[in-house]
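Asker: here is a sequence with its predicted model. Questions after.
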Number of protein chains: 2
Amino acid sequence: MVAQLDLLFSCAVFLGQIMDKNSKKELLDYLLHFVTEQKKEKIKQVIAQRTNHVTVVLEDVFQQHNASAVVRSAECFGVQDVHIIEKRNQFLPINSVAKGSAKWISFYKYDNTQTCLQTLKKKGYKIVATVPHKKSYALPQLPIEKKTALIFGTEATGLSDEAISLADEFVTIPMYGFTESFNVSVSVAICLYDITQRLRTSDIDWELSKNEILDISLAWAKKIVVNSQLLEKKFFEDKK
Amino acid sequence: MVAQLDLLFSCAVFLGQIMDKNSKKELLDYLLHFVTEQKKEKIKQVIAQRTNHVTVVLEDVFQQHNASAVVRSAECFGVQDVHIIEKRNQFLPINSVAKGSAKWISFYKYDNTQTCLQTLKKKGYKIVATVPHKKSYALPQLPIEKKTALIFGTEATGLSDEAISLADEFVTIPMYGFTESFNVSVSVAICLYDITQRLRTSDIDWELSKNEILDISLAWAKKIVVNSQLLEKKFFEDKK
């Protein structure tokens, strides 16, 4: 029932619990010695554009093409966190579609909808369900001042009743044809495009906090540096 | 070498060549007798929102999931025409992904890039290649006053040199991550979302012409009405 962090991030979290801020900074500096100037510059650029003001929740999305395309879109738009509710279906991005994007994203996995949405609410997110509803906002009019968690449902049956009952707001992408819904990966991409475009040109404080920047930079550095686990071990031994 | 219309529309085109405007109107009225009021209203609503001011060109897109999602997005955004260049790969939308959208779209097929793009230029379209280029516009800044044909390349190798050399302008979707491109179906959807949103709130004359509305309504009516071919035959016999 407890939210689990993806394995990719488990190490960073483990360190996060036992390391103070200064130790993290030192480890990051140490690891960055093994990174080219070009890559360092890229990390700096990307982290400055990262946000978790908006986040994506996927409830039981099972088509691997869709799951992979969602992760790729989130990474391209600078959206750091992706929350995965796995009930009947396991979330498995395919790298040929995700194009390596999964390693830069923080995944949070849950085995039920309520735990996921209540956890996000406690973190200050309003839950926005992407379904038609009598009180739906059209996407360009959705207020984005508050932290926003967009929840998308499975391809087969859409969002669960539970997700809908826990939603604070509803949003729909304006449609003008006979077809009444978009492919789920397309819906996610359009929502993230619209919201991140508006965020980046607003006065809203959408950037990551200094602590988040440190944690995520450290996690990325560990993935970029060859043999980072050995180097990390050496760093701690030298510190003793 | 000559542009071919998809089979779905061949009948409408054939009639277009031999039927005058009044006969088309009469046939449409006749067929609409067999359509429920609700469906008639839907046709009226959808056709009023249809546009070919912006159109999509797919150059050799081969992943069926992508092809299908593109057709569905075009239909949802009210974009009537989809142009398909089939060189090595055949374009085959899957209905489980396209959700029936293909029957409302006008497909134009070509066996090479030059014929397609020159045909569109003659019809007054500027060709906009969706690739990074030193002179690229960011999508929200792309001028859309002129008729715009957006060309998207294959998943494997992107747009051909020929397509790039024939392009009048270039556009990119702003990206902020490590990943340097979107899935092709996602790219199409974001471009169509941005451009159609801007068109619909502009003073640009983006609607279909009266003749286009008549031809497309007739083609749609034939697909909605059960046994429309028999009814059409009867209509022409009664007219003799």
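Answerer: Great, that's in hand.
Asker: what does chain A put close to chain B?
Answerer: Among all residues of chain A, those adjacent to chain B (criterion: C-beta under 8 Å from any C-beta of the partner chain) are A:42, A:46, A:49-50, A:65, A:69, A:72-73, A:75-78, A:97, A:99-101, A:104, A:140, A:173-179, A:181-183, A:185-186, A:189-190, A:193-194, A:196-197. Quick note: C-beta positions are derived from backbone N, CA and C, even for glycine.
Asker: out of those, which are buried?
Answerer: The neighbour-count test (16 or more other C-beta atoms under 10 Å in any protein chain shown) marks A:46, A:49-50, A:65, A:69, A:72-73, A:75-78, A:97, A:99, A:101, A:104, A:173-179, A:181-183, A:185-186, A:189-190, A:193-194, A:196-197 as buried among these.
Asker: now, the residues you listed that are in helices?
Answerer: Residues from those lying in helices, with DSSP state H as the criterion: A:46, A:49, A:65, A:69, A:72-73, A:75-76, A:97, A:185-186, A:189-190, A:193-194, A:196-197.
Asker: distance-wise, check the residue positioned nearest the centre of chain A relative to residue A:162.
Answerer: Using C-alpha atoms, centre = their mean, the residue of chain A that lies closest to the mean C-alpha position is residue A:81, 1.6 Å off. Between residue A:81 and residue A:162 the distance, using C-beta to C-beta, to the nearest Å, works out to 21 Å.
Asker: what of residue A:185?
Answerer: If you go by C-beta to C-beta, the gap between residue A:185 and residue A:162 works out to 23 Å.
Asker: who's in contact with whichever strand or helix holds residue A:127?
Answerer: Residue A:127 is part of strand A:126-129 when elements are defined by DSSP states H and E. In this structure, residues lying in contact with strand A:126-129 by C-beta atoms under 8 Å, 6 or more residues apart in numbering or on different chains are A:57, A:117, A:120-121, A:142, A:146-151, A:159, A:163-164, A:166-171.
Asker: residue ranges with poor pLDDT in chain A?
Answerer: Low-confidence segments of chain A, defined by pLDDT under 70, span residues A:1-18, A:89, A:91-99.
Asker: okay, domains of chain A per the record?
Answerer: What the record gives for chain A is the domain set A:7-50+A:208-240, A:51-206, from automatic domain parsing.
Asker: take those domains and lay them out in CSV including distance to residue B:86.
Answerer: Formatted as CSV, the entries for the domains of chain A read as follows, by distance: least, C-beta to C-beta, whole Å:
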stretch, distance to residue B:86
domain A:7-50+A:208-240, 38
domain A:51-206, 22
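Asker: excluding its backbone neighbours, what's nearest residue A:195?
Answerer: Nearest non-adjacent residue to residue A:195, counting by C-beta to C-beta, 6 or more residues apart in numbering or on different chains: residue A:54, 5.1 Å away.
Asker: residue A:154 contacts residue A:60, doesn't it?
Answerer: Yes. With contact defined as C-beta atoms under 8 Å, residue A:154 counts as touching residue A:60 (4.3 Å).
Asker: could you look up the SS state of residue A:145?
Answerer: Per DSSP: H, G, I helix; E, B strand; the rest coil, the secondary structure class of residue A:145 is coil.
Asker: next: residue A:165.
Answerer: For residue A:165, the reduced secondary structure class is helix; criterion used: three-state DSSP.
Asker: what's the burial count for it?
Answerer: Burial of residue A:165, expressed as a neighbour count using other C-beta atoms under 10 Å in any protein chain shown, amounts to 11.
Asker: likewise residue A:199?
Answerer: Neighbourhood size, residue A:199 [other C-beta under 10 Å]: 21.
Asker: thought it was touching residue A:50?
Answerer: No. Taking C-beta under 8 Å as the definition, residue A:199 is not a contact partner of residue A:50, at 11.7 Å.
Asker: can you list phi and psi of residue A:35 for me?
Answerer: The phi and psi torsions at residue A:35 (degrees, to the nearest 10) take the values phi -120, psi 140.
Asker: who touches the closest residue to residue A:78 other than its chain neighbours in this structure?
Answerer: Nearest-residue entry for residue A:78: residue B:176, 3.6 Å, with adjacent residues in sequence omitted and distances by C-beta to C-beta, 6+ apart. With contact set as C-beta under 8 Å, 6+ apart, residue B:176 has these partners: A:46, A:49-50, A:76-78, A:196.
Asker: what sits against residue A:25?
Answerer: By C-beta under 8 Å, 6+ apart, the residues touching residue A:25 are residue A:214.
Asker: ok, the residue nearest to residue A:195 touching residue A:145?
Answerer: No. Using C-beta under 8 Å, residue A:54 is not in contact with residue A:145, being 11.6 Å away.
Asker: for residue A:79, list each beta-bridge partner.
Answerer: Partner residues in beta bridges with residue A:79, using DSSP bridges, are residue A:51.
Asker: what about it, neighbour count?
Answerer: Neighbour count for residue A:79, taken as other C-beta under 10 Å: 26.
Asker: if I look at residue A:137, how far off is residue A:163?
Answerer: With the distance defined as C-beta to C-beta, residue A:137 ends up 17 Å from residue A:163.
Asker: what comes up buried for stretch A:199-216?
Answerer: Of all the residues in stretch A:199-216, those buried under the rule 16+ other C-beta under 10 Å are A:199-200, A:206-208, A:212, A:214-216.
Asker: list just the nearest of the residues you listed to chain B.
Answerer: residue A:200 (8.2 Å; C-beta to the nearest C-beta).
Asker: which residues in chain A form strands?
Answerer: Counting by DSSP state E, chain A has strands at residues A:4-5, A:54-59, A:81-85, A:106-110, A:126-129, A:137-138, A:148-152, A:169-172.
Asker: looking at these, which is closest to residue B:85?
Answerer: Each of those has some distance to residue B:85 by C-beta to C-beta; the shortest is strand A:148-152, at 32.2 Å.
Asker: what angle separates that closest one from strand A:81-85?
Answerer: Angle of strand A:148-152 versus strand A:81-85, following axes from the mean of the first three to the mean of the last three C-alpha atoms, to 10 degrees, is 40 degrees.
Asker: what helices and strands are in contact with strand A:148-152?
Answerer: If contacts are counted by 3 or more C-beta pairs under 8 Å, 6 or more residues apart in numbering or on different chains; DSSP states H and E, strand A:148-152 sits against strand A:54-59, helix A:113-122, strand A:126-129, helix A:184-200.
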